[in-house]
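> got a structure for you, letters missing:
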C-alpha cells in the first residue's frame, strides 16, 4: 500500500510540473506581462477616442498591424454620409387590404371536360394457381397488391377480370374501367 501512495505522489508531482511548464509556455507565446495595460481592441473604440486625433491614429496603427489591407479612409467616408430617411418603420409590418377581384361569369362549356387522368396503377404480373384460381399483382405509387377477381383494393378499385394479357379494374370513384396490360 505504501509503494502505491509513493507512486501517486510522484505522478502528482510530475503532472504539476507539466502544468507549470504549459502555463509558462502560454505566457511567453502570448506576450502577457505582469502589470501590462490592456491593448485597445480594434472593434471597440469609445466616442472620446474617435474624437482625439492622436488616439485615432494609434487605433489605426493597431488595426494596420493586424491587417494591412484595412482602409480606414473608406470607413470614415461611409460614416460621414447621412442616413437615408425611411418612409416607414422597418420593424412594423403592414397588412394590405385584400383587393376584391371582379367576378366574371363562367365561360360557356364549348368542349366536354377532359377525362380525369388515369390512376397510377401498373400490372406487374399474373399467376394461375391450382384449381384455376387467377391471381394478379398490381402496384401503385406506394404499395403492391396481390388481387383476385371480384376483390377490392386500395379503397377505390375493384378487379373485374384477370387474363394472361391484361387486368380489368373498375375505379369506383370515377366509375371508369381501366385495362392494365401485363408485361410479357
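In hand now; what should we look at? Everything quoted here is computed from the prediction, not taken from an experiment.
> residue 22 belongs to a helix?
Yes - secondary structure of residue 22 (DSSP: H, G, I helix; E, B strand; the rest coil): part of a helix.
> I'd like to know how many residues surround it.
Burial measure for residue 22: 10 neighbouring residues, criterion other C-beta atoms under 10 Å. (Each C-beta comes from the backbone N, C-alpha and C, glycine too.)
> contacts only, for it.
By C-beta atoms under 8 Å, 6 or more residues apart in numbering, no residues touch residue 22.
> how is this protein partitioned into domains?
Each structural domain of the chain that the record assigns through automatic domain parsing is listed here as a residue range: 47-80, 122-181.
> please compute how far the last one lies from its chain's middle.
Relative to its chain's centre, domain 122-181 lies at 41 Å (C-alpha atoms, centre = their mean, to the nearest Å).
> what's the first-to-last distance across that domain?
The first and final residues of domain 122-181 sit 8 Å from each other (C-alpha to C-alpha, to the nearest Å).
> quick check, residue 90 in a helix?
No - with three-state DSSP as the criterion, residue 90 is coil rather than part of a helix.
> now do the phi/psi pair for it.
Note on residue 90: its backbone torsions stand at phi -70, psi -10 [degrees, to the nearest 10].
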